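K.L.:
the sequence and its predicted three-dimensional model are supplied below.
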Amino acid sequence: MEEKPLQLINIGAFAKKSGVTLRTLRYYDNIDLLKPSSYNNKGERFYDRRDFAKLQKILTLKFIGFSLDEIKKIIMYDMNDKDFKKSLEIQRNIVERKIQHTCMVAKAIDDTLEMLNYNKEVNWDKFTNIINVLNMDNKLLEQYENASNLRARIRIHDELSENKYGWMKWYFDRLLTIPKEVKILELGCGDASLWVKNLGRIPSEWDITLTDFSKGMLDDAKINLKRSSKKFKFKIVDVQNIPFEDSSFDVIIANHMLYHVEDIERAFSEMNRVLKSKGYFYASTVGENHMSALRDLMLEFGSEKINSNSWDNTSKFQLENGFDIINRYFKDSKLEKYKDSLKITKAEPLVDYIFSMPGNVREKFDEKSLKELLSFLNKKIKQEKGIHILKDTGLFIGRKY
């Protein structure tokens with residue numbers, strides 16, 4: 001069935017419907033932030049319904065605190081225009097944090113006003129808290145980028161993996177072999193995907209604490225779990241300095257996170273300390289050849305913008321060297337491999353994934369080099385009827401001495 005052309009409206013009607021001034025729309029056009037869908041032979045601007053979604057995202061990012069230059073980069077590199085729902089979910093999460101932050105600022109001011117209204121001496125420690133709370137707003141920008149990057153990495157595996165059983169479900173199957181009445185600690189829980197995708201399978205007897213080094217990620221975890229979040233405890237934790245007593249947990253989970261840790265020996269020492277005798281340890285990671293076909297693809301493309309550091313960030317803890325460190329802290333360790341690969345049938349999710357990697361890859365591309373990369377990948381996809389990328393992923397399982 002042939003898709004009907006989208007109805008166009010002129011700039012005046014678009015401005016009226018959106019509540020944005022004509023001057024603003026013309027300015028956004030001039031700086032290439034929001035281009036109209038078309039122009040007539042007189043140069044008049046016309047928009048369609050998709051432009052409302054673009055405008056909404058621009059205004060939301062502006063409300064969060066991004067500059068127009070920063071928004072322009074995000075919009076230019078955003079490969080997810082068709083993924084409207086997930087884009088809105090990330091925006092909603094950040095806006096909710098903005099609301100929480102605004103309420104904290106208002107409360108800090110109210111506390112100071114209350115002291116002044118009752119002629120009390122100002123508690124300057126409390127007053128300076130207003131400054132500290134205001135400065136927290138800067139972190140919202142970083143949290144938005146982190147959420148977007150994590151979503152890009154999850155999306156490519158969710159949509160394009162050839163093993164349809166799913167990594168999170170497979171991982172959770174291994175957890176179901178442990179006793180039901182246990183205290184579980186997950187380190188680096190991210191957005192809680194492991195639990196969100198297995199909500200109906202969690203034994204009611206489990207006592208679960210989710211932790212992450214990033215407050216933003218922990219906020220995402222709470223939001224994603226929604227009403228079920230009451231089943232969990234949440235705490236900001238650095239795995240190199242775990243704030244729990246010795247032998248506090250029966251199970252420790254570290255899902256694709258240990259290779260990010262600066263002092264991995266200290267992290268393992270801490271995990272061993274808080275795990276009970278005969279407790280279970282689950283740590284997943286990737287092998288050195290994980291998605292190596294993508295590496296080869298970028299070498300063929302010839303981009304120096306994606307350097308070796310972008311690929312080597314997992315080398316500290318991989319399938320090949322994991323046993324060396326694990327066996328110093330846990331016994332009866334074994335490795336289970338998860339067989340899977342990606343079949344790339346569209347370039348956009350792959351570019352999103354590349355831009356989500358460490359090393360500010362996204363910022364090194366301009367509009368011209370981005371178009372070149374998309375053209376290169378689309379040509380490859382057409383020639384090979386899809387790009388095949390083998391994954392090398394596994395789970396170490398051990399018990400405490």
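P.N.:
Perfect, thanks for sending it. Numbering: from 1, shown residues only.
K.L.:
can you give me the pLDDT of Met104?
P.N.:
The confidence metric pLDDT takes the value 76 at Met104.
K.L.:
again, but for the one 10 residues further on
P.N.:
Here the pLDDT value assigned to Glu114 is 78.
K.L.:
Val261 touches Asn313, doesn't it?
P.N.:
No - assessed by CB atoms under 8 Å, Val261 is found out of contact with Asn313, at 11.3 Å. Just so you know, the C-beta spots here come from the backbone N, C-alpha and C atoms, and that holds for glycine as well.
K.L.:
more neighbours, the two?
P.N.:
Val261 (20 against 12; other CB atoms under 10 Å).
K.L.:
need phi/psi at that one.
P.N.:
phi -80, psi 140 (degrees, to the nearest 10).
K.L.:
who's in contact with it?
P.N.:
Contacts of Val261 were listed using CB atoms under 8 Å, 6 or more residues apart in numbering, and they are 239-240, 267, 316-317.
K.L.:
same thing but at 10 Å, please
P.N.:
By CB atoms under 10 Å, 6 or more residues apart in numbering, the contact set of Val261 is 187-188, 213, 238-240, 254, 267-268, 316-317.
K.L.:
ok, Ile208 next?
P.N.:
Ile208 makes contacts with 182-186, 189, 195, 202, 231-234, 251, 253, as judged by CB under 10 Å, 6+ apart.
K.L.:
lowest-confidence one in the residues you listed?
P.N.:
Within the contacts of Ile208, lowest confidence goes to Lys231 (91).
K.L.:
A strand includes Asp332, no?
P.N.:
Yes - counting by DSSP: H, G, I helix; E, B strand; the rest coil, Asp332 is part of a strand.
K.L.:
what number of residues lie near it?
P.N.:
The local packing of Asp332 (other CB under 10 Å) involves 10 other residues.
K.L.:
for it, which non-adjacent residue is closest in space?
P.N.:
Spatial nearest neighbour of Asp332, chain neighbours left out: Arg399 (5.3 Å); criterion: CB to CB, 6 or more residues apart in numbering.
K.L.:
where's that neighbour relative to Asn327, distance?
P.N.:
12 Å (CB to CB, to the nearest Å).
K.L.:
which residues do the two both contact?
P.N.:
In contact with both Arg399 and Asn327: Ser333, using CB under 10 Å, 6+ apart.
K.L.:
what's the longest helix in this structure?
P.N.:
Longest helix in the chain, counting residues (DSSP state H): helix 84-117.
K.L.:
for that helix, buried residues please.
P.N.:
Buried residues in helix 84-117, defined by neighbour count with 16 or more other CB atoms under 10 Å: 87, 89-91, 93-94, 97-98, 101, 104, 108, 112.
K.L.:
these two touch, right, Lys276 and Asp250?
P.N.:
Yes - the criterion here is CB atoms under 10 Å, and Lys276 meets it with Asp250 at 5.5 Å.
K.L.:
and for the two, which residues touch both?
P.N.:
Joint contacts of Lys276 and Asp250 (CB under 10 Å, 6+ apart) are 182-183, 400.
K.L.:
out of those, which is nearest to Asp29?
P.N.:
Taking CB to CB as the measure, Asp29 sits nearest to Lys183 out of these, at 57.2 Å.
K.L.:
quick one: low-confidence ranges for the stretch 101-250 of the chain?
P.N.:
For the stretch 101-250 of the chain, the stretches with pLDDT under 70 are 119-120, 122-147.
K.L.:
let's see it at 90
P.N.:
101-160, 179-180, 214-220, 222-224, 226-230 (pLDDT under 90).
K.L.:
can you show me the strands along it?
P.N.:
183-187, 207-212, 232-236, 249-255 (DSSP state E, counting those that start in this stretch).
K.L.:
tell me the contacts of the residue positioned nearest the centre of the chain?
P.N.:
Nearest to the mean C-alpha position of the chain, counting by CA atoms, centre = their mean, stands Leu150 at 2.2 Å. For Leu150, the contact set (CB under 10 Å, 6+ apart) comprises 90, 190-191, 193, 214, 216-217, 220, 356.
K.L.:
cutoff 7 Å now
P.N.:
Listed by CB atoms under 7 Å, 6 or more residues apart in numbering, the contact partners of Leu150 are 190-191.
K.L.:
before we move on, the earlier item: more crowded one of Lys276 and Asp250?
P.N.:
Between Lys276 and Asp250, counting by other CB under 10 Å, Asp250 is the more crowded of the two (21 against 16).
K.L.:
that one: what's it in contact with?
P.N.:
Counted by CB under 7 Å, 6+ apart, Asp250 has contacts 182-184, 276, 279-280.
K.L.:
count residues in the vicinity of the nearest residue to Leu225 once chain neighbours are set aside, would you?
P.N.:
Nearest residue to Leu225, sequence neighbours excluded (CB to CB, 6+ apart): Ala192, at 5.5 Å. By other CB under 10 Å, 24 other residues sit near Ala192.
K.L.:
now swap in Phe63 and tell me
P.N.:
Residues lying near Phe63 (other CB under 10 Å) number 12.
K.L.:
in what helix or strand does it lie?
P.N.:
Phe63 is part of helix 49-64, with elements assigned from DSSP states H and E.
K.L.:
need phi/psi at Gly394.
P.N.:
phi -160, psi 170.
K.L.:
what's near enough to touch it?
P.N.:
Neighbours of Gly394 in contact, by CB under 7 Å, 6+ apart: 284-285, 319, 335-338.
K.L.:
low-scoring stretches of the stretch 301-401 of the chain, by residue?
P.N.:
Applying pLDDT under 90 to the stretch 301-401 of the chain flags the ranges 301-315, 331-332, 346-374, 401.
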